[in-house]
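>>> what follows is a predicted protein model with its sequence.
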Amino acid sequence: MSHEEDELGEGHSVAAWTAVVVSLLGIAIGTVAFFFDVQWLVWTSAGITLLGFLLGFILSKAGYGVNGAKTLAKEH
């Protein structure tokens, strides 16, 4: 493969990091809540996890994704 092709990147963007951090926070809270059998918190953490993915998508569309208008291009 040629390096002159447009690469999508490896997810090093504000949108990707936001999606990952918020989703991992939701998963961690959900794991503890499941262990202690707190059902309302398990479902709330599931919502937090989905919110993380939604935030990542919205930020990506707003220009904070890989090769977005509001991100700095980095040379490899």
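Sure thing, it's come through. Numbers count the residues shown, from 1 in each chain.
>>> pLDDT at the closest residue to Ile29 other than its chain neighbours, what is it?
Take Ile29 and drop its neighbours on the chain: the residue closest to it by Cβ to Cβ, 6 or more residues apart in numbering is Ser45, 4.2 Å away. (Glycine included, C-beta is placed from N, CA and C.) Ser45 is assigned a pLDDT of 98 by the prediction.
>>> which parts of the host helix or strand of Ser45 are buried?
Using DSSP states H and E, Ser45 maps to helix 39-59. Buried residues in helix 39-59, defined by neighbour count with 16 or more other Cβ atoms under 10 Å: 41-42, 45, 48-49, 52, 55-56, 59.
>>> residue contacts, the residue lying closest to Leu50 once chain neighbours are set aside?
Once flanking residues are discounted, Leu50 sits nearest to Gly26: 7.8 Å by Cβ to Cβ, 6+ apart. Gly26 sits next to 45-52 when contact means Cβ atoms under 8 Å, 6 or more residues apart in numbering.
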